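[1] my questions are about this predicted structure, shown below with the sequence.
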Amino acid sequence: MQNNEKRIIDLSVQELQELIEKTIKNSSPASQSVPEEQDIISIEMVMKITRLARQTIYQHVHYGAIPFIKRPNSRKLYFSKSAIIAWLKTGR
C-alpha cells in the first residue's frame, strides 16, 4: 500500500459519505438522452415510428417478434421507444 492511499476503514464518516455520493453521481445514467418515463410509448406511437398497421404490430407481439411490455393482469401493451428503434435497426 502506498502512503497516499487510505483504507476504507480509516475514512471518517464525512469522507465515506462524500465517496458514496461521488460514486453514485458518476454511475448514474445521466448519459441517457431520454428519461425512462418518456421511453415508454403506446401502440399508436409504435404505429407512427414503424409505419405498420395496428394488426401487424399485434401479430408481431403474438409471435414475440417485437419487444413489448405487458403488466401482469393487464391487457394493455406498452413499448420501449429505444427498444423499438433498436428492433427496427436489426431489420427483423
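    Here it is on my side, so go on. Residues are numbered from 1 along each chain as shown.

[2] CA atoms for contacts and neighbours, from now on please.
    Noted.

[3] now residue 69: closest residue in space that isn't a chain neighbour?
    Nearest residue to residue 69 in three dimensions, chain neighbours excluded: residue 78, at 4.9 Å (CA to CA, 6 or more residues apart in numbering).

[4] so residue 67 is in which element?
    Using DSSP states H and E, residue 67 sits in no helix or strand.

[5] doesn't residue 64 fall inside a helix?
    No - when classified by DSSP: H, G, I helix; E, B strand; the rest coil, residue 64 is found to be coil rather than part of a helix.

[6] residue 18 and residue 12, how far apart?
    10 Å (CA to CA, to the nearest Å).

[7] mutual contacts of these two, please.
    Counting by CA atoms under 8 Å, 6 or more residues apart in numbering, no residue touches both residue 18 and residue 12.

[8] and the next helix or strand past the helix or strand bottoming out on mean pLDDT in the chain?
    Counting by mean pLDDT, DSSP states H and E, the chain has its least confident helix or strand at helix 36-39, which shows a mean of 72. Next helix or strand after helix 36-39 toward the C-terminus (DSSP H and E): strand 40-41.

[9] give the pairing partners of that following strand; include direction for each.
    strand 77-80 (antiparallel) (DSSP bridges).

[10] so which bits of the strand it pairs with are buried?
    Within strand 77-80, the residues scored as buried using 16 or more other CA atoms under 10 Å are 78-80.

[11] can you put the residues you listed in TSV and add pLDDT and distance to residue 55?
    Below are the buried residues of strand 77-80 laid out as TSV (pLDDT from 0 to 100; distance: CA to CA, whole Å):
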residue	pLDDT	distance to residue 55
78	92	15
79	95	15
80	94	19
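
[12] all helices for the chain, in order.
    Counting by DSSP state H, one finds helices in the chain at the ranges 13-27, 36-39, 43-50, 54-62, 81-90.

[13] thanks a lot, see you next time.
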